[in-house]
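A.B. asks: quick one, what's the 3D model for this:
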Amino acid sequence: MFSSVTERFFMEHNTRRIDLRAARSETLSIINGMRYLKLGVKTEGGLNASASFVAKANPLNRAPDKRNSELHQALCNMLSNILAPLADGGKSQWPPLSVEPALTLWYDAVARIRGQLMHWMDKQSKHIAC
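C.D. replies: Below is the predicted model:
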């Protein structure tokens with residue numbers, strides 16, 4: 001189920017990359033709906049699929065041009081909403097047992113986002129609270 005939802009999301013998102021007003025509105029609606037996605041992190045298969053989704057959905061993989069900054073912000077918000085429940089979860093549930101290969105993929109995906117975010121913040125000092 002998870003993979004079919006995420007695959008459909010990327011398919012729909014990619015078909016709407018055209019800069020038309022209707023396509024932008026549809027894309028924002030699709031992104032907004034994905035904020036309720038629950039990542040599967042308790043099994044190796046779920047963690048692999050979740051790591052793949054996080055890596056592909058990373059809005060920092062591509063810098064937005066001025067016209068697409070709204071879509072970029074929506075992707076950032078979506079990913080924040082999807083990842084927040086994992087940060088709030090209890091330490092007793094993390095890391096899941098017997099999923100070491102999948103954990104490597106997960107940590108790589110999250111570390112990539114963190115590194116790109118740190119780089120972005122260095123360039124955007126106006127966004128950092130003093």
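A.B. asks: low-confidence regions, this protein specifically.
C.D. replies: Along the chain, segments meeting pLDDT under 70 span 17-22, 63-68, 89-93, 124-130.
A.B. asks: longest helix of it?
C.D. replies: If you go by DSSP state H, the chain has its longest helix at helix 100-123.
A.B. asks: pretty sure Phe10 is touching Ser52, no?
C.D. replies: No. With contacts counted by CB atoms under 8 Å, Phe10 stays clear of Ser52, the gap being 10.3 Å. All C-beta atoms are positioned from the backbone trio N, CA, C, and that covers glycine.
A.B. asks: quick one, helices of the chain?
C.D. replies: For the chain, the helices defined by DSSP H occupy 2-15, 21-33, 44-57, 69-88, 100-123.
A.B. asks: neighbour count winner among Phe10 and Ser52?
C.D. replies: Shown here are Phe10 and Ser52; by other CB atoms under 10 Å, Ser52 has more neighbours (15 against 12).
A.B. asks: contact partners for the residue nearest to Leu79 when sequence neighbours are not counted?
C.D. replies: In space, and not counting its chain neighbours, Leu79 is closest to Ala57: 5.7 Å by CB to CB, 6 or more residues apart in numbering. By CB atoms under 8 Å, 6 or more residues apart in numbering, the residues touching Ala57 are Leu75, Met78, Leu79, Ile82.
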